[in-house]
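Asks: got a structure for you, letters missing:
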């Protein structure tokens, strides 16, 4: 399993955000400059992270984004899922009906959610606070 560039960038940006004061306002421009994430990508990711409740936005002068929760309450799993969607290893484990040539004979499919849950649990155990150290 490998994170996409977007998930990787989101982790880098959230880690940079976590190193600031808890109520600090963040701009995409500042985070892009600090992390090297291209500005259009930083803007897109901040909107996505806000839509998933990890950042809160404020319009107007003095506006920007801030972390929506304390850094100890945001996990690596939260960040990855905000960008990538649910953590699943195979298409058949995501709850959507996908056509698979092995479906009728597959004895692994019923157990793949266990694997995905174990990975999510592991990622959930890593807090943004730990990543920001």
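Replies: Cool, got the structure. What you are looking at is a predicted structure, and each value in this text was computed from that prediction instead of being measured.
Asks: just checking, residue 65 is part of a strand?
Replies: Yes: counting by DSSP: H, G, I helix; E, B strand; the rest coil, residue 65 is found in a strand.
Asks: start the count at 14, not 1, going forward
Replies: Done: numbering now begins at 14, and the last item shifts to residue 78.
Asks: For it, list the residues it contacts.
Replies: Counting by Cβ atoms under 8 Å, 6 or more residues apart in numbering, residue 78 touches 30, 38, 39, 40, 41, 59, 62, 63, 68, 69, 70, 71. (Glycine included, C-beta is placed from N, CA and C.)
Asks: again, only this time at 7 Å
Replies: Residues in contact with residue 78, defined by Cβ atoms under 7 Å, 6 or more residues apart in numbering, are 38, 39, 59, 63, 68, 69, 70.
Asks: Ok, residue 88 next?
Replies: 136, 137, 139, 140.
Asks: so which of those is the most crowded?
Replies: residue 140 (18 neighbours; other Cβ atoms under 10 Å).
Asks: can you map out the helices along the protein?
Replies: Secondary structure of the chain by DSSP state H: the helices cover 18-31, 41-48, 52-64, 89-97, 125-137, 141-145.
Asks: Nearest approach to residue 117 belongs to which of those helices?
Replies: Shortest distance between residue 117 and the helices of the chain, using Cβ to Cβ, is found for helix 125-137: 16.0 Å.
Asks: Enumerate the positions of that closest one that are buried.
Replies: Going by neighbour count (16 or more other Cβ atoms under 10 Å), the buried part of helix 125-137 is 125, 126, 129, 133, 136.
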